[in-house]
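Trainee: Could you look at this predicted model? Sequence included:
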Amino acid sequence: MLPLSLLNAAQNKPMLVELKNGETFNGHLVNCDNFMNITLREVYQTTADGERFWKLKECYIRGSTIKYLRVPDTLLDAVKEEQNRARDAGRGARGAHVSGGRGGRGAPPRGRRSWRSRWPSTWR
C-alpha cells in the first residue's frame, strides 16, 4: 500500500502526525499533495517534551519534516479492500485473445505491405 493512497483516503479523518523534532499534531486531514505536505484542521499541537499544548484552527506541515503518521485502523482495512477490488477489476481482459500484430495493442502491423495489397484486385 502506498502512503499517498492512504493519505488521499484519509481526508476528513482524524490522524496523529509526529515530526522529526518530536512535536506532535493531532487533527483532521484536510488536504495532502504528492510531496506529503499536509493540512490539518482542529489541531492540538504538543511540544517534544509534552509539557505545552496549543489548539490551532488549521495547520500546514511540510512533508519532509514528518517522522510518522498514525491513522485509524478501519481506514487501513478500507484502503486494502479498495485496492484489491481495483486489482481484480483490472484482471478482466488478461489472457483474452486480442487481435492485432502489435503485441495485442490493436495497432495495424508495421513494415511493408504484402505484395497482394499493392496490386489492384482486377489484376489478381
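Mentor: Cool, got the structure.
Trainee: who's in contact with residue 55?
Mentor: For residue 55, the residues meeting the contact criterion (C-beta atoms under 8 Å, 6 or more residues apart in numbering) are 43-45. Quick note: C-beta positions are derived from backbone N, CA and C, even for glycine.
Trainee: cutoff 7 Å now
Mentor: Counting by C-beta atoms under 7 Å, 6 or more residues apart in numbering, residue 55 touches residue 44.
Trainee: Name the strands paired with the helix or strand where it lies and say parallel or antiparallel.
Mentor: Assigned by DSSP states H and E, residue 55 falls within strand 53-61. Here strand 53-61 has these sheet partners by DSSP bridges: strand 38-46 (antiparallel).
Trainee: Let me see the residues that make contact with the partner strand.
Mentor: Under the criterion C-beta under 7 Å, 6+ apart, external residues in contact with strand 38-46 comprise 17, 23-32, 53-61.
Trainee: hang on, residue 82 in a helix?
Mentor: Yes: assignment of residue 82 by DSSP: H, G, I helix; E, B strand; the rest coil places it within a helix.
Trainee: And the pLDDT for the closest residue to it other than its chain neighbours?
Mentor: Distance criterion C-beta to C-beta, 6 or more residues apart in numbering; nearest residue to residue 82, sequence neighbours excluded, is residue 9 at 7.4 Å. At residue 9, the predicted lDDT confidence score is 86.
Trainee: so how far is residue 66 from residue 9?
Mentor: Applying C-beta to C-beta, to the nearest Å, one obtains 17 Å for the distance of residue 9 from residue 66.
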